[in-house]
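In: okay, predicted coordinates and the sequence, questions at the end:
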Amino acid sequence: MPRSNSSIMGSGHSLWSKGPVEASNSATTHCKQAAKWTTDKDTALIEYLHLHIPGDETKFKKQTWHAAAAYLKERFPDQLGGEKTQSSCQTRWTKLKSYYHAVVNIKNASGFAWSDIDDAGITLEYEST
């Protein structure tokens, strides 16, 4: 008889065996708290990276990311969220670049308006009846 996994939802039994499932506490997962970014911290990161652009203007080296994290930790000692690390700084830079490229693409799109003051200027229009 073929095995079915559809009728034992919420049961303490394995879907493929006849016995109870033993819960194991040996593999406890620990997630790092996410870094919280503000406009001030984004600006500080961008300014720091601007001052440390590599000579070949390609990619920032790992030590630059570590130094950027140390700079942010020194400049914002009472930071909220997780610690700013080399990895979180690099991830944030990638995210900021994607935002920048999205805005550039919108600004260059035919028939679409962008203002640095009003952003895309998208508003809801309500018809009066």
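Out: Cool, the structure landed.
In: all the helices of this structure, in order from the start?
Out: 39-51, 62-75, 86-108 (DSSP state H).
In: buried ones in the lowest-mean-pLDDT helix or strand in the chain?
Out: Lowest mean confidence among the helices and strands of the chain (mean pLDDT, DSSP states H and E): helix 86-108, at a mean of 91. Of the residues in helix 86-108, 86, 88-90, 92-93 count as buried by neighbour count, 16 or more other Cβ atoms under 10 Å. Heads up, the C-betas are built off the backbone N, CA and C, glycines and all.
In: and stretch 80-91, end to end?
Out: 17 Å (Cα to Cα, to the nearest Å).
In: quick one: contacts of that stretch?
Out: Identification of contacts with stretch 80-91 by Cβ atoms under 8 Å, 6 or more residues apart in numbering yields 32-36, 41, 45, 60, 62, 65-66, 68-69, 72-73, 76.
In: returning to that earlier point: and the angle from the least confident helix or strand of the chain to helix 39-51?
Out: Computed with axes from the mean of the first three to the mean of the last three Cα atoms, to 10 degrees, the direction of helix 86-108 lies at 90 degrees from that of helix 39-51.
In: low pLDDT regions in this protein?
Out: 1-29, 110, 112-114, 118-129 (pLDDT under 70).
In: at 90 what do you get?
Out: Under the criterion pLDDT under 90, the flagged ranges of the chain are 1-35, 53-59, 78-83, 102-129.
In: what angle separates the least confident helix or strand of the chain from helix 62-75?
Out: 90 degrees.
In: this completes my enquiry, with thanks.
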